[in-house]
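Undergrad: no FASTA, just this:
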């Protein structure tokens, strides 16, 4: 292993809570597969006086398995297994922190005057859309007259997470949208997801309302006969006035319920 690659690997393992010695021993064992403490000490350049303590900690952390005998033999736990465990653990901790911080944020948000903000740029608009969706406790209602480039996969991933948490996602969508002169079948893009979606004749505007408490309207200019989205003209109007959001949410459900009745 090259010095640069080894240093990067050591740094990565240290992020999982290993010391430098522990990281070096684990790296050595991935090449050795198994060995005695003496063999591992020589291979990793970790002092013999430290090697037993290092191997004991690695065993406790799930990086090494110990085979009883004379002498003891140490076997490496496959990196795929180790990293999967730690990835799951880190992700779980991050999600817990996110929920805790969001709870604090939303509590403070409710105590501040509810302004209206203008957001420019598709990346910032999509980020705000995802943020609003992630704050939903019951429902996310969307009127989707168009989509931005590279937006669909981010939305589907966020919707799936929220639906798995019991959030209801309802979409009234135009059949098609054009981005950079490429035709997008909006309803078709969602066919394998768990969202509730129905076709509707909509203006070239997008609206997202969560829980009847917060919403964003997105507007953009279009070009050509196909009315292709001109992304750099997009503006998002983020609105935290609950009365306004509730009004739009009620109107959405009126249209939604009428369409449901017509389908029956």
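TA: Right, received. Where do you want to start? What you see is a predicted model; the values in this text were computed from it and never measured.
Undergrad: Show me the helices in the stretch 101-250 of the chain, by range?
TA: Taking DSSP state H, counting those that start in this stretch, the helices of the stretch 101-250 of the chain run over residues 122-134, 152-164, 186-189, 242-263.
Undergrad: Go through the ones you listed and name the closest to residue 222.
TA: helix 122-134 (14.1 Å; C-beta to C-beta). Bear in mind the C-beta positions are built from the backbone N, C-alpha and C, glycine included.
Undergrad: which residues are in contact with that closest one?
TA: Residues from elsewhere that reach helix 122-134, judged by C-beta atoms under 8 Å, 6 or more residues apart in numbering: 102, 119, 140, 148-149, 151, 154-155, 158-159, 161-162, 208, 210, 214-216, 218, 231-232, 234-236, 238.
Undergrad: packing partners for the lengthiest strand in the chain?
TA: Assignment by DSSP state E gives strand 228-239 as the longest strand of the chain. In terms of contacts (3 or more C-beta pairs under 8 Å, 6 or more residues apart in numbering; DSSP states H and E), strand 228-239 is packed against strand 116-120, helix 122-134, strand 176-179, strand 214-223.
Undergrad: Any quick PyMOL command for the buried ones out of the contacts of helix 122-134?
TA: Buried residues within the contacts of helix 122-134, by 16 or more other C-beta atoms under 10 Å, are selected in PyMOL with:
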select buried, resi 119+140+148+151+155+158+159+162+208+210+214+215+216+218+231+234+236+238
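Undergrad: returning to what we had before: quick one: which of the helices of the stretch 101-250 of the chain is nearest residue 223?
TA: helix 122-134 (15.4 Å).
Undergrad: Now do the buried residues in that closest one.
TA: 122, 125, 126, 128, 129, 130, 132, 133, 134.
Undergrad: Return the distance of that helix from the chain's centre.
TA: 12 Å (C-alpha atoms, centre = their mean, to the nearest Å).
Undergrad: separation between residue 40 and residue 13?
TA: For residue 40, the distance to residue 13 equals 16 Å [C-beta to C-beta, to the nearest Å].
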